[in-house]
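# Need a 3D model of the following:
(one chain, ligands or ions: 1)
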Amino acid sequence: MNFDKLALKYGTPLYVYDFDYFKNRFKKLKKAFKARKSIIAYAVKANSNLSVIKHFSLLGSGADCVSIGEVKRALLAGVDKYKIIFSGVGKRDDEIKEALSKDILMINVESEAELAKIAEIAKKIGKIARISIRVNPNIDPKTHPYISTGLHENKFGVDIETAKKMYIFAKKSDFLNPIGIHFHIGSQLTQLEPIREASAIVADLVRSLKSINIDIKFFDVGGGLGIRYKEEKLIEPYDYAQAILSTLSGLDVTIICEPGRFLVGNGGYFITKVLYEKVNGDKRFIIVDGAMNDLIRISLYKAYHKIEVLSSVENAEISKANIVGPVCESGDFFAKNIKAPKTNPGDLIVIHSAGAYGFSMSSNYNTRERAAEVAVENGVDRLIRRRETFEDLISCEIDYLV
Ligand SMILES: *Cc1c(COP(=O)(O)O)cnc(C)c1O
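Next comes the predicted model:
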């Protein structure tokens, strides 16, 4: 990847995505599940750029969406509507109505109240809602607490008993068709055992539903496969698939897997430019043009990202430095006390593993225009989102005196 050339052509801060890498990751995971029917439903929230979704859609991907906006993105990007799932703990009435009228594969339900609401809306508009229920298997996924979702203390899903009640309710309703079951225990998972346990618990529920004539066709195992940011020991896709398949004996289900980070995380780079260096007491700071509004994972989760300093200083002296952005928050840093060569203004800093939850979590805080995004495929670079302008930022605002 020629970051110098790309930075010169598109400016900084800049997101660069390796579309060949994305494709390889997709194929690898799809292959791992080849013993069964499967749908890989890309978790759009990880990186929601239309071209990224389209790239996966052309490979046959479905989409896991957590808002009607994401459903619309998936449809716009050409994803087959029967491969789109709508999840999320708090869907509004208008979102449910629109999802039903767009006839997507299924709505993933996260509470009894939501199920009743979906039945009511389906009745009103004369539809039968295909649904799955998100089961919270109460398994500790052993990941960062902010991205853990499969414990009862987390807000996601319903417990097994409630799920069973809900399936019976759905079966009786003329407006609900329970076709799927879902769990997603967390993100950045690096241990197989919690996934196997969760899958076994949920598969048992599918068996017990079968015994009362509720036939689940889609077994949705969520996303969460971890990636290497630093030295994590990882789950191999093949082992992951085997662990899940081993719990499904006797069940004729299509597996749905909803990877986000696994597909895009390590194929993305965030490129930022050095503005200045300064020293406060004994602290050295490298001040760059990117900031926490562009990539918040480091301040929000204390996430580690590999950082490359492309210094143009000859025989540059190396010393400890903090790499910080221009935003008015002490939390606005990309690295603290890392060894970095002396830099010149204009030198580039490349932050790795920025393809997932990078741009999609970015904001306009401090009235900063969001970065441009570029896709590189077969050596060809294409702009897939132009840099925002000041006019974009104020375009929704209304002068209260006019
Ligand atoms: C966030 C999310 C995913 C994707 O998680 P990754 O860790 O990026 O793979 C999949 N399914 C659901 C329901 C999610 O909320």
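# Tell me who's in contact with the residue nearest the centre of the chain.
Taking Cα atoms, centre = their mean as the criterion, residue 46 is the residue nearest the geometric centre of the chain, at 2.4 Å. Neighbouring residues of residue 46 by Cβ atoms under 8 Å, 6 or more residues apart in numbering: 260, 261, 263, 264, 265, 355, 356, 357, 360. For every residue, glycine as well, the C-beta is placed using N, CA and C.
# next one: phi and psi at the last one?
Right, the one you point to is residue 360. Phi and psi for residue 360, reported as degrees, to the nearest 10, are phi -70, psi -20.
# and it, how far is that from residue 267?
14 Å (Cβ to Cβ, to the nearest Å).
# remind me which residues of this protein are low pLDDT?
147-148, 150 (pLDDT under 70).
# Tell me, how many residues neighbour the closest residue to the ligand within the stretch 301-402 of the chain?
Using Cβ to the nearest ligand atom, residue 356 is the residue of the stretch 301-402 of the chain that sits closest to the ligand, at 5.8 Å. The tally of other residues near residue 356 (other Cβ atoms under 10 Å) stands at 26.
# That one should be in a helix, yeah?
No: with DSSP: H, G, I helix; E, B strand; the rest coil as the criterion, residue 356 is located in coil rather than a helix.
# wouldn't it be in contact with residue 261 here?
Yes: with contact defined as Cβ atoms under 8 Å, residue 356 and residue 261 form a contacting pair (4.1 Å).
# Can you check which residues contact both of the two?
Taking Cβ under 8 Å, 6+ apart as the contact rule, residue 356 and residue 261 both touch 46, 227.
# contacting residues around the residue in the stretch 51-200 of the chain that the ligand sits nearest to?
The ligand sits closest to residue 187 of the stretch 51-200 of the chain, with a gap of 3.2 Å, by Cβ to the nearest ligand atom. Contacts for residue 187 (Cβ under 8 Å, 6+ apart) come out as 143, 144, 147, 149, 223, 224, 226, 260, 261.
# Surely the first one is in a helix?
The reference is to residue 143. No: secondary structure of residue 143 (three-state DSSP): coil, not part of a helix.
# neighbours around it, how many?
If you count neighbours by other Cβ under 10 Å, residue 143 ends up with 20.
# roughly how far apart are whatever residue of the stretch 101-250 of the chain ends up closest to the ligand and residue 75?
As assessed by Cβ to the nearest ligand atom, the ligand sits closest to residue 223 within the stretch 101-250 of the chain, at 2.8 Å. According to Cβ to Cβ, residue 223 and residue 75 sit 20 Å apart.
# ok, how many other residues are close to residue 129?
23.
# wait, isn't it in contact with residue 119?
Yes: shown here, residue 129 and residue 119 form a contact pair, counting by Cβ under 8 Å, at 7.1 Å.
# buried residues in the lengthiest strand in the chain?
When the chain is parsed with DSSP state E, its longest strand is strand 268-280. Neighbour counts using 16 or more other Cβ atoms under 10 Å place 268, 269, 270, 271, 272, 273, 274, 277 of strand 268-280 among the buried residues.
# can you give me the strands for the stretch 301-402 of the chain?
307-310, 318-324, 333-341, 348-351, 372-377, 380-385 (DSSP state E, counting those that start in this stretch).
# any idea how far the fourth one is from the chain center?
When distances are taken as Cα atoms, centre = their mean, to the nearest Å, strand 348-351 is centred 22 Å away from the chain's centroid.
# State the number of residues packed around residue 310.
If you count neighbours by other Cβ under 10 Å, residue 310 ends up with 15.
# ugh, wrong one, I meant residue 393
Neighbours of residue 393 (other Cβ under 10 Å): 14.
# And the residue nearest to it when sequence neighbours are not counted, how far from residue 152?
Nearest in space to residue 393, with sequence neighbours left out and distances taken as Cβ to Cβ, 6 or more residues apart in numbering, is residue 364 at 5.5 Å. To residue 152, residue 364 is 36 Å away according to Cβ to Cβ.
# Likewise for residue 185?
12 Å.
# And those two? Which one has more around it.
Between residue 185 and residue 152, residue 185 has the larger neighbour count (other Cβ under 10 Å), namely 29 against 13.
# what sits against residue 218?
39, 105, 106, 132, 179, 180, 181, 253, 254, 255, 256.
# ok, what's across the strand from it?
Beta-bridge pairing for residue 218 (DSSP bridges): residue 180, residue 254.
# Any idea how far the top helix by length along the chain is from the middle of the chain?
Criterion DSSP state H: the longest helix present in the chain is helix 192-210. Taking Cα atoms, centre = their mean, one finds the center of helix 192-210 at 24 Å from the center of the full chain.
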